[in-house]
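# let me see the structure of the following:
(one chain, ligands or ions: 2)
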Amino acid sequence: MTYQEFYGRSMSDPDGFWKEQAEAISWFEKPSEISFKDERGLYRWFKNGKLNTSYLALDYHVEHGRANQVALYYDSPVTNTKKKYTYAELLEEVRLFAGVLKARGVQKGDTVIIYMPMIPETVIAMLACARLGAIHSVVFGGFAPRELAIRIDDARPKLLLTASGGLEIDKVIDYMKIVNAALEESSHQPEGCIVYQRPFITAPLKAGRDFDWESLRAGAQPADYVVVDATDPLYILYTSGTTGRPKGVIRDNGGHAVALKFSMKYIYGAEPGEVYWAASDVGWVVGHSYIIYGPLLYGCSTILYEGKPVRTPDAGAFWRMIEEYRVRVLFTAPTAIRAIKKEDPNGLLRQRYDTSSLKYLFLAGERCDVATLEWSQQLLGIPVIDHWWQTESGWPMLANMVGIELLPIKPGSAGKPVCGYGLIVVGPDGNPLPPNQEGTVLVSTPLPPGCLPGLWNDNSRFISSYLSPYPGYYFTGDGGYTDEDGYVFITGRIDDIINVAGHRLSTSAMEEVVASHPSVAECAVIGIHDHMKGQVPVGFVVLKGGVNMAEAELEKELVRMVREKVGPVAAFKRVAITSRLPKTRSGKILRRIMRFIADQEPYNPPSTIEDGSVLGELETLMKTKGIGEAKEA
Ligand code: COA
Ligand code: AMP
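Numbering: from 1, shown residues only. Ligands and ions are numbered 1, 2, ... in the order given. Below you'll find the model as predicted:
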């Protein structure tokens, strides 16, 4: 079957298509309906289907001949540790830790926050929550206490799981200190914290609140899986929105299991039993979907890599991993490839390793420039596939579905729509644009299984952010265009979200912090092009009248504040003082135009601009201070 035929079927008969795909998972009770409308009048998938995601990811494989196959490899160059768990062993660990959670009162529907580094216990904790029907919410380690506190207050977890620390190459991250600071800031307090002590840092435990992971595990009774509904939430993953408040993306159990298993076969072209490696972090959606759930649901061996593409110990780290684990499919962010290319431009380290096991390299998380794609393709001699998705979708929306048909690769394009996704590009009037004209990317609703059914505690924000802007469509927040062959090119966010080294961040959250500085009258934080990280944030600041502060001093203070309030991962390092900001007559700051100036892209000043002369001033300011660079193709 061709891609076109397969895709066509998914769009002309979605229920028939997804009913067939749902046969690939082992339901305790099959769904009585495939798509249906819920009490909000919104589409959901697999009514009355009963399952358990942890069962499907572990027990099912143990029962079907994979007990002795490695489920999880843990490779940690930062601690010099390697470990592996067979499916039987991982199941045993998950059963035990589910027993720990159960003994502490965690039940189906409870929320549990997991703030942990890239260690097997994190994977075990997530699968243990899934086993009990509890809803996990993993928070990325690079966020500051305030960001953790916001998530604690929104998710209202029964328990918080953490570790004593993480290692960022050679820098120790004191997780417990961050947790303590977050709990001081949050009004919600979990009933307890379970702390995994790592050898290089010991966390002091607060009596009555904190419990030692290993001691609880040692005394635990294994817990069995709890049957849940397809529509019950599996997890909440907070992601940056256009305000400082993150959005709690909900993922349900049934649609997620069906979609991820489908994607492993048809998008990634993987086979059960093969080694699949997503070099990402469990704190991001890529980690949820393709370090943990996708590979395990499909019976692959997955890898948890506590290291970096470079400096652990060198730019040959990825190639060493491929050789050592015979990796078949690798998934990473373009920024990781750029980091490798910078250190080893001629790919000499690659030649030291046998990477012949690798069939495909998939890239996502940010726009992939042509040079990066072509460099990696030449280096590895295999198809390198750019594909596009979001936390909200949970799995790719655009790709080259190599498991059905490898289409010609067009560098710069993230491919064609994946089965179930009806994509259009519209202009400012909401009408579809002809090929090669850039506009707003929309996806027709209902979205396929696996995509977000809502936002935690905020249905009205779900509707106003995604569904109301273009009725009948899901608003992606990305701009792009299609070409005459139906390939889609994603050009970047059209809102205030930025992607820094593959990490999704909100400039509004940073603006809130900058604006709170006593010398700042007003400010704009924009994401500008960066040849290594894709984008980096820069703050433009107008000082309060009478304040005469040196730019370098202000920059130092603001950088520290953003690090402390948002987190080091924001990579906020540049501040420029300006006498004014470009605004519309109604007072809205024209951040997009500022971005065009920094990225040296052509733009048309809107007719609503208050005073166009400010744009020339900004151009001069940025040139003088060396802010901004032209985007590569
Ligand atoms: N816990 C604590 N701090 C973290 C962290 C974590 N989990 N992850 C990153 N940080 C910190 C880093 O230590 C760094 O701090 P510093 O300013 O003190 O040096 C800061 O956040 C920025 O980190 P990062 O974005 O990782 O930049 P980098 O320059 O250290 O490394 C890359 C660059 C390309 C190696 C790295 O960004 C990378 O591997 N990116 C891939 C991203 C990815 O997997 N995205 C998921 C989509 S596939
Ligand atoms: P996240 O929710 O963290 O996965 O970030 C999603 C955003 O990352 C998207 O809305 C895009 O802006 C960007 N993105 C992800 N993959 C790609 C890609 N292949 N090409 C361009 N942008 C991408």
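# what sits against the closest residue to Ala509 other than its chain neighbours?
Once flanking residues are discounted, Ala509 sits nearest to Gly244: 4.2 Å by CB to CB, 6 or more residues apart in numbering. (C-beta placed from N, C-alpha, C; glycine too.) Shown in contact with Gly244 (CB atoms under 8 Å, 6 or more residues apart in numbering): 506, 508-509, 511-512.
# any chance of TSV for those residues, columns pLDDT, distance to ligand 2 and secondary structure?
Shown next, in TSV, are those (pLDDT from 0 to 100; distance: CB to the nearest ligand atom, whole Å; DSSP: H, G, I helix; E, B strand; the rest coil):
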residue	pLDDT	distance to ligand 2	secondary structure
Ser506	94	11	strand
Ser508	94	16	helix
Ala509	94	14	helix
Glu511	96	19	helix
Glu512	95	20	helix
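# top of those residues by number of neighbours, please.
Counting neighbours by other CB atoms under 10 Å, Ser506 leads the contacts of Gly244 with 26 neighbours.
# what residue in the stretch 251-400 of the chain comes nearest to ligand 1?
Across the stretch 251-400 of the chain, the shortest distance to ligand 1 (CB to the nearest ligand atom) belongs to Gly365, at 3.2 Å.
# from ligand 2, how far off is that residue?
5 Å (CB to the nearest ligand atom, to the nearest Å).
# read off the pLDDT value for that residue.
Note on Gly365: pLDDT of 95.
# sec struct for Ile250, please.
strand (DSSP: H, G, I helix; E, B strand; the rest coil).
# now Val500: how far from Met549?
26 Å (CB to CB, to the nearest Å).
# then Leu380?
Distance, Leu380 to Met549, using CB to CB: 50 Å.
# show me which helix runs longest in this structure.
The helix that spans the most residues within the chain, counting by DSSP state H, is helix 87-103.
# list the buried residues of that one.
By 16 or more other CB atoms under 10 Å, the buried positions in helix 87-103 come out as 87-102.
# go on, stretch 101-110?
101-102, 106, 110.
# repeat that for stretch 210-230.
By 16+ other CB under 10 Å, the buried positions in stretch 210-230 come out as 210-211, 213, 216-217, 220, 222-223, 225-226, 228-230.
# just how off-centre is that stretch within its chain?
27 Å (CA atoms, centre = their mean, to the nearest Å).
# hmm, back to that, contacts only, for the residue of the stretch 251-400 of the chain closest to ligand 1.
Neighbour list for Gly365: 280, 284, 286, 333-335, 499, 502 [criterion: CB under 8 Å, 6+ apart].
# kindly report the residues of the stretch 251-400 of the chain close to ligand 1.
The stretch 251-400 of the chain has residues 280-281, 284, 286, 308-310, 332-333, 335-336, 339, 364-365 near ligand 1, with proximity defined as CB under 6 Å from any ligand atom.
# please apply the same query to the stretch 501-633 of the chain.
Counting by CB under 6 Å from any ligand atom, the residues of the stretch 501-633 of the chain near ligand 1 are 501-503, 568-569, 571.
# how does this protein divide up, domain by domain?
Taking automatic domain parsing as the criterion, the chain consists of the domains 87-226, 501-625.
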